[in-house]
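**Student:** mind looking at a prediction? Sequence and model below.
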Amino acid sequence: MSTIVPQNGKEVLYCKGAAEIVSALCPKIMTADGSIKDIDVAMRNQIEQTISDFADEGLRTLCIAQRELSKPSSEMTLEQLESDLTLVGIVGIEDPLRDEVPGAIKDCQTAGIVVRMVTGDNIQTARAIAKKCGIITSEDGEGAVLDGKTFRDRVCDSDGNIIQSEFDKVWPPLRVLARSTPLDKHVLVSGIQASSVGIKQTVAVTGDGTNDAPALKKADVGFAMGIQGTDVAKNASDVIIMDDNFVSIVAAVKWGRCVYDNICKFLQFQLTVNITACSLACVGAAILTESPLNAIQMLWVNLIMDSFASLALATEDPTDELLRRKPYPRDQAVLSQTMVRNMILHASWQLIVLSFLIFGMGDVCRGTGSVCEGEILVDYFGNIRSGRPAAYDWNGVPGACIPMYNSSDPSTFDAKTGKPLRPHDFCAGAHHGVSDNTQHYTMVFNVFVLMQIFNEINSRKIHNELNVFDGVFRNSFFLVIVIGTLITQVTPTLLLASLKMLSLSQFALIEVPGLNSAFGCTHLTRDQWIACLLLGASVIPLNVSVLMLLLLLDWSPGAVPYGASLVVPRWRRGHARRRRRGD
């Protein structure tokens, strides 16, 4: 950058810029006493060594020069103006790293994010800073650090278009791009996005200046600096870092992964509920002619499994564990293989348990009440009366029902009057009213809901973690919702039993039966509650057992490849220390 200042009737040009470039334009040097002398070979070597020493220390090197113009500047070209300069001094500026930056860089690398630094600094300065940050190590080859000119010559043709085949050879090992221009940054972002090497890359870019706007706009995610950033850069970006701290980018990565995982957790849970509920309703309609769960119960299930579960699973806070896995590929489906396996596993187990409760329990007998007291026509598991429809239970039981009316069968109608011997509601009346609430179907509903509540705990983990309780006490929303749902689930089934036993008031005799009928429930005994809780909680040991079996078989649903790049200009902020050297 050059500035022309009028002084004593003359024009003086002051120039500052990259030390190795500006010093090459200086044939003379100003000594400490203000005299001017020519730069000989020894002095030239000393200047170059000084620049190199400053760069090796990680200092940004600037050269300051001046020139008195012999004729008006309006009559001279830029090349003529910035020639025959007198070197005034070389400055080394240190912009120290924040203490937390190396750790943040390491966190990104652990998370599968490749950090690349794009800077206008000297290549030696850029290399020294990158080593301090941990962007490059001594094991990286020569291809890890390039200057802008070399980069352009290798990946672009004479018209500035990217040669993708050559670019794909350069970008994988590249970590630092020094002496770069804004166009270099845009070329780097465009080339990585278009690359076919490995999996499709997701590119994030940070920037603060106006000249960073094209790269910020081109990137998949653009981060602009909130303090030092220009309005143009902020408008071109997707995210504004309010404190200009690289650690905030790591926090953004954690929150992004956390939100995505929370969505996946809810989907895994919700789809499992839907598979079970839809299958149960379809089987019930096909075999029993009605769903085992009535409309009010299904509405209750939708309420606690949609609204409450979404709050419970979507309020997980980000943890450092999120940075210990690789990012998802861009083309990966939302439902991973692990999630699909968990959904099928738990939906199948729930259907097996509920099918046993529906079809394997509930004795068929005459009369009413929760327990069969007379003759048991069909003895199933458990000493409770069946809650299934009478038409399903009584058909096929010899002698239990008068055959249905058949004009060709005289045994089905009165020979004198011709009227059918079997009324329309004979079986239902002999068995029990279809609207009666039974312990049988109350247990079915109770086990179904409890299985979903305990599976909500399983759904907190979607990456084959064995300990599903890890971190559960850090999420107060989850605890409140799960415990509240359990208490609410207990209320409609136990409240009636408690109030009936105590016979407290007319209010209990009037209001509680209405509440109970609305839910289609009746009271359960202590043993029945223990059985329901054990069956509901069985989904947790089932989940752990299957995961342990898969680990023993050394099976996994496939390693997740990673693909993420982060292009940053510089994050060396702090109080600069300057050195000035002249001769």
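**Tutor:** Good, I have the coordinates.
**Student:** quick check: phi and psi on Glu316?
**Tutor:** Backbone dihedrals for Glu316, given as degrees, to the nearest 10, come out at phi -70, psi 130.
**Student:** give me every residue that touches it.
**Tutor:** Glu316 makes contacts with 258, 261-262, 265, 460, 471, 475, 478, as judged by CB atoms under 8 Å, 6 or more residues apart in numbering. From N, CA and C alone the C-beta is placed, and that goes for glycine too.
**Student:** do the same with Leu288
**Tutor:** Residues counted as contacts of Leu288 (CB under 8 Å, 6+ apart) are 358, 388-389, 392.
**Student:** farthest pair in those residues?
**Tutor:** Using CB to CB, those reach their maximum pairwise distance at Ile358 and Pro389, which is 11.2 Å.
**Student:** tell me which of these two has more neighbours.
**Tutor:** With other CB atoms under 10 Å as the criterion, Ile358 and Pro389 differ in neighbour count, and Ile358 comes out ahead with 22 against 18.
**Student:** hmm, back to that, secondary structure, pLDDT and distance to Leu533 for the contacts of Leu288 - can I get that in JSON lines?
**Tutor:** Written out in JSON lines, the entries for the contacts of Leu288 read as follows (DSSP: H, G, I helix; E, B strand; the rest coil; pLDDT from 0 to 100; distance: CB to CB, whole Å):
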{"residue": "Ile358", "secondary structure": "helix", "pLDDT": "88", "distance to Leu533": "19"}
{"residue": "Arg388", "secondary structure": "coil", "pLDDT": "77", "distance to Leu533": "24"}
{"residue": "Pro389", "secondary structure": "coil", "pLDDT": "76", "distance to Leu533": "28"}
{"residue": "Tyr392", "secondary structure": "helix", "pLDDT": "74", "distance to Leu533": "28"}
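**Student:** could I get the full set of strands for the stretch 201-350 of the chain?
**Tutor:** In order along the chain, the stretch 201-350 of the chain carries the following strands (DSSP state E, counting those that start in this stretch): 202-207, 221-225, 239-241.
**Student:** deepest of the ones you listed, which one?
**Tutor:** Looking across the strands of the stretch 201-350 of the chain with neighbours counted as mean count of other CB atoms under 10 Å, the highest average goes to strand 202-207: a mean of 26.
**Student:** state the mean pLDDT of that strand.
**Tutor:** Model confidence over strand 202-207 averages 91 on the pLDDT scale.
**Student:** given that strand, what are its sheet partners and their directions?
**Tutor:** Paired with strand 202-207 in the same sheet, following DSSP bridges, are strand 221-225 (parallel), strand 564-568 (parallel).
**Student:** among those strands, show the one with the smallest mean pLDDT.
**Tutor:** Set side by side, the strands paired with strand 202-207 show their lowest mean pLDDT on strand 564-568, which sits at a mean of 61.
**Student:** for Phe454, which of the strands of the stretch 201-350 of the chain is the nearest?
**Tutor:** Taking CB to CB, strand 202-207 is the member of those nearest to Phe454, at 36.3 Å.
**Student:** now name the helix or strand holding Gly17.
**Tutor:** Remark: Gly17 resides in strand 10-18, with elements defined by DSSP states H and E.
**Student:** what's that strand in contact with?
**Tutor:** For strand 10-18, the external contacting residues (CB under 8 Å, 6+ apart) are 1-6, 22, 25, 61-69, 72-73, 81-82, 85, 120, 122, 179.
**Student:** that strand pairs with which strands, parallel or anti?
**Tutor:** Applying DSSP bridges, strand 10-18 is found paired with strand 2-7 (antiparallel), strand 60-68 (antiparallel).
**Student:** okay, the ones you listed in JSON lines with mean pLDDT and distance to Ala194 next?
**Tutor:** Below are those laid out as JSON lines (pLDDT from 0 to 100; distance: least, CB to CB, whole Å):
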{"stretch": "strand 2-7", "mean pLDDT": "88", "distance to Ala194": "38"}
{"stretch": "strand 60-68", "mean pLDDT": "90", "distance to Ala194": "32"}
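**Student:** looking at those strands, which is buried most?
**Tutor:** strand 60-68 (a mean of 21).
**Student:** I'd like the contacts of Leu288 as TSV, with distance to Glu142 appended.
**Tutor:** Converted to TSV, these look like this (distance: CB to CB, whole Å):
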residue	distance to Glu142
Ile358	71
Arg388	78
Pro389	80
Tyr392	79
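**Student:** and of the residues you listed, the nearest to Gly382?
**Tutor:** Nearest to Gly382, judged by CB to CB, of these is Ile358 at 11.9 Å.
**Student:** what's the nearest residue to that closest one once chain neighbours are set aside in contact with, if anything?
**Tutor:** Nearest residue to Ile358, sequence neighbours excluded (CB to CB, 6 or more residues apart in numbering): Pro292, at 5.4 Å. The contact partners of Pro292, by CB under 8 Å, 6+ apart, come to 280, 284, 354, 358, 441, 444-445.
**Student:** among the residues you listed, which ones are in helices?
**Tutor:** Per DSSP state H, helices hold the following members of those: 280, 354, 358, 441, 444-445.
**Student:** state the pair within these that is farthest apart.
**Tutor:** Spatial extent of the ones in helices among the contacts of Pro292 (CB to CB) is set by the pair Leu280 and Tyr441 at 11.9 Å.
**Student:** and the two? Which one has more around it.
**Tutor:** Tyr441 (24 against 21).
**Student:** okay, the strands of the stretch 201-350 of the chain in JSON lines with distance to Val371 next?
**Tutor:** Supplementary listing: the strands of the stretch 201-350 of the chain in JSON lines, determined by distance: least, CB to CB, whole Å:
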{"stretch": "strand 202-207", "distance to Val371": "63"}
{"stretch": "strand 221-225", "distance to Val371": "65"}
{"stretch": "strand 239-241", "distance to Val371": "65"}
